[in-house]
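Q: Based on what follows, work out the 3D shape:
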Amino acid sequence: MTLKQTLTVIDLLDDANATGEKIIALFSDYPHVEATSKTVEGEKGSTDFVKIVISGTEGKSNGGDAPTFGIVGRLGGVGARPKRIGMVSDGDGAAAALAAAIKLAESSQRGDRLKGDVIVSTHICPTAPTIPHEPVEFMGSPVDILTMNQNEVYSEMEAILSIDTTKGNRVINHKGIAISPTVKEGYILRVNDDLLRIMEMTTGKLPATFPVTMQDITPYGNDVYHINSILQPAVATDAPVVGLAITSESIVPGCGTGASHEVDIADAARYSVEVAKEFTAGITKFYDEQEFERLLSLYGPMNVLQTKGKEE
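A: Residues are numbered from 1 along each chain as shown. This is a model prediction of the structure:
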């Protein structure tokens with residue numbers, strides 16, 4: 001149901017001349033959709049930030065009060081040219097987010113509009129740098145993580161699914177997709193049952209999860225180890241954030257080419273669409289609100305983990 005959309009996106013991203021403008025052109029004929037792109041310069045080049053808003057029948061963009069859902073395609077770049085030729089594994093998060101956006105736009109055009117708005121954001125850079133990392137080399141980015149969050153995490157998002165390739169590690173030994181516990185305001189909360197149920201439904205398999213550490217939910221640049229940037233949106237919002245990892249059994253570097261598996265990307269896109277349906281309809285929540293308030297009353301706020309700490 002999302003493989004066609006995934007192949008369409010990958011065909012555009014696997015291009016030395018990939019741009020945000022070429023991506024948003026995909027959405028020009030869809031009603032109820034607003035797609036924009038802007039180029040941002042960084043110390044190591046530039047990238048195009050893409051934002052697609054699919055408005056719901058009762059969404060806030062139409063004066064309604066249905067919840068707004070955010071899908072963030074997290075990555076350093078879709079390519080590492082001239083060092084590597086072709087689309088890199090790190091681009092899978094962008095591909096999945098954009099494939100989900102096309103599916104939602106098509107459904108909206110065909111009369112299957114969601115109740116709430118969905119905001120999809122990512123960035124397109126075919127010439128991103130690489131950086132050393134253990135156990136395999138990471139993809140870098142022409143802009144810093146603060147700039148990414150400023151252009152990908154929006155205050156309107158009331159819950160965020162952050163999609164990222166998460167293959168360069170020895171922690172996850174599962175090929176497909178996996179979700180993290182919910183992260184909110186410096187707290188790592190329990191894995192949400194509704195999100196597990198939706199994964200069982202969309203993959204036809206037992207749900208897969210991955211561990212998250214305190215280090216992973218702190219901002220980049222504090223000189224501690226992060227599994228990758230999948231949960232960096234959580235440092236820039238009070239909304240609950242769940243990481244949706246595209247995973248592999250073996251260790252695959254983010255800068256590896258020929259390592260994007262279309263079916264796994266389509267699984268991530270399809271999962272994102274189904275979560276969007278339920279969240280915007282008020283069926284699914286990312287966390288137990290009463291339990292979170294109980295944690296706050298017992299232990300106080302943990303927002304310091306959304307900052308760089310004492311050095312800040």
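Q: switch to C-alpha atoms for all contacts and neighbour counts from now on
A: Will do.
Q: and residue 91, what is it in contact with?
A: Contacts of residue 91 were listed using C-alpha atoms under 8 Å, 6 or more residues apart in numbering, and they are 75, 76, 77, 78, 79, 165.
Q: Please convert the residues you listed to a markdown table, extending it with neighbour count and pLDDT.
A: Written out in a markdown table, the entries for the contacts of residue 91 read as follows (neighbours: other C-alpha atoms under 10 Å; pLDDT from 0 to 100):
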| residue | neighbour count | pLDDT |
| --- | --- | --- |
| 75 | 28 | 96 |
| 76 | 33 | 93 |
| 77 | 31 | 95 |
| 78 | 33 | 97 |
| 79 | 32 | 96 |
| 165 | 29 | 95 |
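Q: Looking at those residues, which one is closest to residue 261?
A: Closest approach to residue 261 among the contacts of residue 91 (C-alpha to C-alpha): residue 165, at 10.8 Å.
Q: The closest one against residue 88, yeah?
A: No. With contacts counted by C-alpha atoms under 8 Å, residue 165 stays clear of residue 88, the gap being 10.1 Å.
Q: which SS class is residue 269?
A: The three-state assignment at residue 269 reads helix, by DSSP: H, G, I helix; E, B strand; the rest coil.
Q: can you count the residues close to it?
A: Counted with other C-alpha atoms under 10 Å, residues neighbouring residue 269 total 30.
Q: what separates it from residue 4, distance-wise?
A: Computed as C-alpha to C-alpha, to the nearest Å, the residue 269 to residue 4 distance reads 11 Å.
Q: just residue 94 next, same as before
A: Between residue 94 and residue 4 the distance, using C-alpha to C-alpha, works out to 16 Å.
Q: Pick out whichever of the two has more residues nearby.
A: Between residue 94 and residue 4, residue 94 has the larger neighbour count (other C-alpha under 10 Å), namely 31 against 13.
Q: Quick check: the more buried one is in a helix.
A: Yes. According to three-state DSSP, the state of residue 94 is that of a helix.
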